[in-house]
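A.B. asks: Give me the fold of what follows.
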Amino acid sequence: MRLQLYIVFTILIIIAVLHLFDAYQTYGINKLLENTPYTQSLLFDGYSGFQTVFLLMMPLAVSIGVSDIFIQDRKQHLLHHAYMYHENKSVDIQVILYSSIVALLLVIIPLLINFVGEFLILPDILPERMTINPIGIFSWNTLSVHLYYTMPLLYILLYISLTGIWGAIMNVFAITLSLYTNKRILAMIGPFIFQILLIILSNLTYEPFIVPPIYFLMGRTEFMYFEVLPILLTLGLFIGLSIYFYVRGMYKNELN
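C.D. replies: Reported below is the predicted structural model:
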């Protein structure tokens, strides 16, 4: 493991822990009915700036931590031995798979630490539809209100898993960008810049044709409607661009 991976992993954990202190100061002292681990965890605490900071930094952390392996290989021949005994595509797929698993864990572990920590400072009260107004969980700002009220623990873990999956997708996107440049900084900031562009694009139209990941990975948000189709279109856009850049990038490297 490289030092930069430990650094970004530590930063994400610090953000998750700082949110716990903020949640204690903001919600934990009064012990109100609507303030529970199911409503105020990092992905669901829409009133905390730590939520936005974590989701904005996530693509940067993934890219800096794991996604420049092909650039490193071109400079240090890290994969030279593997290419000697296995097909290039097989090695590349394993690299993408293993790095995506690392990226997924890089994102999920801080979120799990935060969620478990919430139970130490907030009352473990299951959400009820009777308290829907103070909690603020409505049909238009979550993916599945029914699942939230019937199995809230599973619902929170679902969102954490979705965030980890998007971290893995960001990793694949960054890796494919790294095939085009020897400058690590360009591959590292690529997913972050693309996410910012999606945010700008989504605010230029009245209809949500695409949804930036930072929006639908929030457990709840008060400024947009959740629709499955734009989320799937965004997912397809990331995957499609990753495949396109990968195929073109590998073809370019073979010619070189």
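A.B. asks: Can you give me the buried ones in whichever strand or helix holds residue 96?
C.D. replies: Using DSSP states H and E, residue 96 maps to helix 88-121. By 16 or more other CB atoms under 10 Å, the buried positions in helix 88-121 come out as 91-92, 95-96, 99-100, 102-104, 106-115, 117-118, 121. Glycine gets a C-beta too; all of them are placed from N, C-alpha and C.
A.B. asks: Below-threshold pLDDT in the stretch 101-250 of the chain: ranges please.
C.D. replies: 129-143, 181-184, 205-208, 220-228, 249-250 (pLDDT under 70).
A.B. asks: Mind doing that once more with 50?
C.D. replies: 132-135 (pLDDT under 50).
A.B. asks: which residues of it fall in helices?
C.D. replies: With helices called from DSSP state H, counting those that start in this stretch, the stretch 101-250 of the chain shows them at 132-135, 145-150, 152-178, 184-204, 213-216, 228-255.
A.B. asks: how many other residues sit next to residue 169?
C.D. replies: A count of nearby residues for residue 169, using other CB atoms under 10 Å, gives 22.
A.B. asks: Spatially nearest residue to it, not counting backbone neighbours?
C.D. replies: With sequence-adjacent residues excluded and distances taken as CB to CB, 6 or more residues apart in numbering, residue 169 is closest to residue 238, at 5.2 Å.
A.B. asks: what packs against the one helix or strand residue 62 maps to?
C.D. replies: Residue 62 belongs to helix 49-66 when assigned by DSSP H and E. In terms of contacts (3 or more CB pairs under 8 Å, 6 or more residues apart in numbering; DSSP states H and E), helix 49-66 is packed against helix 3-23, helix 88-121, helix 152-178, helix 184-204, helix 213-216.
A.B. asks: Averaged pLDDT, that helix. What do you get?
C.D. replies: Helix 49-66 carries an average pLDDT of 88.
A.B. asks: So which bits of it are buried?
C.D. replies: Under 16+ other CB under 10 Å, the buried positions of helix 49-66 are 50-51, 54-55, 57-66.
A.B. asks: could you give the angle of that helix to helix 88-121?
C.D. replies: 150 degrees (axes from the mean of the first three to the mean of the last three CA atoms, to 10 degrees).
A.B. asks: List of residues touching helix 49-66?
C.D. replies: 2, 4-5, 7-9, 11-12, 15-16, 18-19, 22, 42-45, 99, 102-103, 106-107, 110, 163, 166-167, 170-171, 174, 187-192, 195, 213-214, 217-218 (CB atoms under 8 Å, 6 or more residues apart in numbering).
A.B. asks: give me that answer again for 7 Å
C.D. replies: 4-5, 8-9, 11-12, 15, 18-19, 22, 42-43, 45, 99, 102-103, 106-107, 167, 170-171, 174, 187-188, 191-192, 195, 214, 217-218 (CB atoms under 7 Å, 6 or more residues apart in numbering).
A.B. asks: May I have that helix exported as CSV, CA atoms only?
C.D. replies: In CSV, the C-alpha atoms belonging to helix 49-66 read as follows (Å, rounded to 0.1, in the frame of the first residue of the first chain):
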residue,chain,number,x,y,z
GLY,A,49,-21.4,20.7,5.8
PHE,A,50,-19.5,17.5,6.5
GLN,A,51,-21.9,15.6,4.2
THR,A,52,-21.0,17.8,1.2
VAL,A,53,-17.3,17.9,2.0
PHE,A,54,-17.2,14.1,2.2
LEU,A,55,-19.0,13.5,-1.1
LEU,A,56,-17.1,16.2,-2.9
MET,A,57,-13.8,14.8,-1.7
MET,A,58,-14.7,11.2,-2.4
PRO,A,59,-13.7,11.2,-6.1
LEU,A,60,-10.4,13.0,-5.3
ALA,A,61,-9.6,10.6,-2.5
VAL,A,62,-10.3,7.6,-4.7
SER,A,63,-8.2,9.0,-7.6
ILE,A,64,-5.3,10.1,-5.4
GLY,A,65,-5.3,6.8,-3.4
VAL,A,66,-5.6,4.1,-6.0
